[in-house]
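Peer 1: Below are the sequence and a predicted model for it; my questions follow.
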Amino acid sequence: MERTAGARTVGPAVAGPEEPTAPGGRARVRPPAGTCLAAVDVGGTGSRIRLLWEPGEGAGPRTVELRAPGRTVGAAGIDTGALLDGLAGALEEAGAALPSPRPPVAAVGVGLSGLLHLTAAPEEVCRGLAGLFGAERVVLAADVVTSYVGALGFRPGAVVAAGTGAVALGTDLAGRWTHRDGWGHLLGDEGAGAWIGQRGLRAAARAHDGRPGGSTALLAAAVERFGPPEGWPALLYPYGDVAGRMAAFAPDTAAAARRGDPVALGIWRRAARHLADTVVSALPGGPEGMETSGGREPVVSWCGSLFAAGDLLGAPFREAVAAARPGVRVVPPAGSSLDGALALAGIGAAEPDRLPDAAPYLRVRTYGTRRGGGRP
């Protein structure tokens, strides 16, 4: 159960033994002796923190996972102070779940939603994180990078992240960084949750009007969720979170598709093709090229809440990738964005030279050993 303290929501502070291997069978991340690793996944609606340490005396690695508020955006971009305050509040609320005394943090890996376009002062974010966690090293990455590492590790390929929006990253985590879509619901994010919800609502409006291409099943679902059609514009147009409001109708569109509604099924199939086009365009050589990395054809994977729809999206996505780029392997994600942030922290602590300084996608900063944490 979540605990709420003032404006801060802190999830269950769960301390337990670390899994013997990371998701997908990869070797687990281990902190340097006597230290702690920290990972943070910052989203628009919430953040997650993971701390990993080894108590010693033969005990296995231990973890604590916390929830914190997401980042807020103002006229100047992401509010760094509010972000750090929210993370600090989560750590304070964790209380006895954290080791005492807390071991020094060798490195913190952070995936930050909005780093590419909404962060005016990324160096301030890095310094603030170093002070907050008492970290010797900070690895600050765009959330699509931590999603990539969580899904594929450190091998070359491309990953599409799809939730309310959609973005793909193709990389070898060295000199090649290809970013596709992520344009927002007005210009892009094709195949994402807002795109699906909007198409579902359009089909509902067509059915209400008696125009071709409508769906009575989607009309009934939209009326149940949003009320009479005449009120829909007032529920959508005046609000800044219109993309999220449209994405809220994606699960209803999925339910109609599973019941066999042909219009809803068509929407999800087109979404799969759009997402496949996006991720294939991020591969070396693009959709038509067959350039390889190190003599091997890159792999493709996915992440994000939209893929919780299962084979409604997954099967046509894999088929569309195969049709667009024959020979490319499509593999399920090995882990999450938070797993990717922890992996980056582990590399940052043990082999920092292995990580390129590839702003704006990835920054590695060293501040010197700090004991005990605390804000600068």
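Peer 2: Nice, I can see it.

Peer 1: If you drop the residues flanking it in sequence, what lies closest to residue 188?
Peer 2: Take residue 188 and drop its neighbours on the chain: the residue closest to it by C-beta to C-beta, 6 or more residues apart in numbering is residue 181, 4.7 Å away. In short, each C-beta sits where N, CA and C put it, glycine included.

Peer 1: cool, and residue 207?
Peer 2: The shortest distance from residue 207 to any residue that is not its chain neighbour, by C-beta to C-beta, 6+ apart, is 3.1 Å, and that residue is residue 214.

Peer 1: show me the contacts for the one you found.
Peer 2: Applying C-beta atoms under 8 Å, 6 or more residues apart in numbering, we find residue 214 in contact with 203-208, 263.

Peer 1: Could you rerun that using 6 Å?
Peer 2: Residue 214 is in contact with 203, 206-207, counting by C-beta atoms under 6 Å, 6 or more residues apart in numbering.

Peer 1: which one of those residues sits closest to residue 351?
Peer 2: In terms of C-beta to C-beta, no member of those lies closer to residue 351 than residue 203, at 51.4 Å.

Peer 1: What strand or helix carries that closest one?
Peer 2: Residue 203 is part of helix 193-209, with elements assigned from DSSP states H and E.

Peer 1: so which of the contacts of residue 214 is the most crowded?
Peer 2: Neighbour counts for the contacts of residue 214 were taken using other C-beta atoms under 10 Å; the highest belongs to residue 203, which has 26 neighbours.

Peer 1: That one: what's it in contact with?
Peer 2: For residue 203, counting by C-beta under 6 Å, 6+ apart, the contacting residues are 214-215, 218, 263.

Peer 1: Of those, just the buried ones, PyMOL syntax please.
Peer 2: Here is the PyMOL command that selects the buried residues among the contacts of residue 203 (16 or more other C-beta atoms under 10 Å):
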select buried, resi 214+215+218+263
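
Peer 1: now, which of the contacts of residue 203 lie within helices?
Peer 2: Secondary-structure check on those using DSSP state H: residues within helices are 218, 263.

Peer 1: And for whichever strand or helix holds residue 252, what's in contact with it?
Peer 2: Element membership for residue 252 (DSSP H and E) is helix 250-258. Helix 250-258 is touched from outside by 193, 196-197, 200, 217-218, 221, 264-265, 267-268, 309, 312, with contacts defined as C-beta under 6 Å, 6+ apart.

Peer 1: if I look at residue 231, how far off is residue 303?
Peer 2: The span separating residue 231 from residue 303 equals 35 Å under the rule C-beta to C-beta, to the nearest Å.

Peer 1: Please apply the same query to residue 28.
Peer 2: Spatial separation of residue 28 from residue 303 under the definition C-beta to C-beta is 20 Å.

Peer 1: These two - which one has more neighbours?
Peer 2: Residue environment comparison for residue 28 versus residue 303 gives the larger neighbour count to residue 303, 25 against 15, counting by other C-beta under 10 Å.

Peer 1: pLDDT weak spots in the chain?
Peer 2: 1-27, 56-60, 96, 285-296, 369-376 (pLDDT under 70).

Peer 1: Now do the helices in it.
Peer 2: Counting by DSSP H, the chain has these helices, from start to end: 80-94, 122-133, 143-152, 193-209, 216-226, 232-236, 242-247, 250-258, 262-281, 314-324, 337-350.

Peer 1: Next, format those helices as CSV and append distance to residue 360.
Peer 2: Below are the helices of the chain laid out as CSV (distance: least, C-beta to C-beta, whole Å):
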stretch, distance to residue 360
helix 80-94, 16
helix 122-133, 7
helix 143-152, 10
helix 193-209, 24
helix 216-226, 37
helix 232-236, 32
helix 242-247, 22
helix 250-258, 29
helix 262-281, 19
helix 314-324, 27
helix 337-350, 15
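
Peer 1: residues contacting residue 263?
Peer 2: 203, 215.

Peer 1: For it, give its distance to residue 193.
Peer 2: 17 Å.

Peer 1: ok, the nearest residue to residue 336 once chain neighbours are set aside - contacts?
Peer 2: The shortest distance from residue 336 to any residue other than its chain neighbours is 4.9 Å, reached at residue 150 (C-beta to C-beta, 6+ apart). If a contact means C-beta under 6 Å, 6+ apart, then residue 150 has 335-337, 339-340 as its contacts.

Peer 1: Same check on residue 40?
Peer 2: Contact criterion C-beta under 6 Å, 6+ apart gives 49, 110 as the residues in contact with residue 40.

Peer 1: This completes my enquiry, with thanks.
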